[in-house]
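> coords below, sequence missing:
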């Protein structure tokens with residue numbers, strides 16, 4: 001077990017199946033806020049589904065196809081960053097995130113995503129990291145910008161969520177650009 005300090009009483013740690021109770025409590029605290037932009041609260045609804053979600057990421061970690069790391073603030077789980085997909089052989093990954101409302105506006109996601117993307121690029125040799133986000137999700141787009149990502153595309157009405165079709169934006173950073181943008185960009189906000 002390890003923890004990485006994110007500063008200001010925050011830590012980034014692996015999130016594992018044995019933490020299903022804590023993960024469910026986090027989802028319950030942020031269910032409405034997180035669910036406004038992310039389908040995860042519709043998936044993690046009870047202890048069994050919480051454990052299953054974390055088990056799926058444990059299996060991804062074992063297969064080297066994804067990762068999930070929790071963000072703890074003053075000892076309480078308040079969010080997470082993920083590599084939803086990871087294909088080291090192809091040099092591609094997709095990153096994502098969420099926070100409960102009490103933890104927003106502190107730069108936690110930006111710092112946590114920077115650490116996880118840095119690991120993917122520098123340790124796993126990933127060439128391209130994508131960030132897929134609804135066009136209406138300004139906070140997440142701001143994180144992508146702070147990470148030095150560039151918008152590659154807008155996929156018009158490509159994602160149906162809770163009865164509404166959403167435009168999705170694909171942002172990315174390439175390994176050659178990582179050192180000059182994402183790794184050194186400022187950490188305020190997000």
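Yep, that arrived. Computed from a predicted model, the values in this text were never measured in an experiment.
> for the rest of this, base every contact and every neighbour count on C-alpha atoms.
Noted.
> checking the residue lying closest to residue 68 once chain neighbours are set aside next. Helix, strand or coil?
The shortest distance from residue 68 to any non-neighbouring residue, by Cα to Cα, 6 or more residues apart in numbering, is to residue 82 (4.4 Å). Put simply, residue 82 is strand when judged by DSSP: H, G, I helix; E, B strand; the rest coil.
> could you check the pLDDT of residue 82?
As predicted, residue 82 sits at a pLDDT of 98.
> state the distance from it to residue 117.
9 Å (Cα to Cα, to the nearest Å).
> in the helix or strand that contains residue 60, what counts as buried?
Remark: residue 60 resides in helix 47-63, with elements defined by DSSP states H and E. Residues 50-58, 60 are the ones in helix 47-63 that count as buried (16 or more other Cα atoms under 10 Å).
> including pLDDT and distance to residue 73, could those go into a markdown table?
Shown next, in a markdown table, are these (pLDDT from 0 to 100; distance: Cα to Cα, whole Å):
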| residue | pLDDT | distance to residue 73 |
| --- | --- | --- |
| 50 | 98 | 20 |
| 51 | 98 | 22 |
| 52 | 98 | 24 |
| 53 | 98 | 22 |
| 54 | 98 | 20 |
| 55 | 98 | 23 |
| 56 | 98 | 24 |
| 57 | 98 | 22 |
| 58 | 98 | 22 |
| 60 | 98 | 25 |
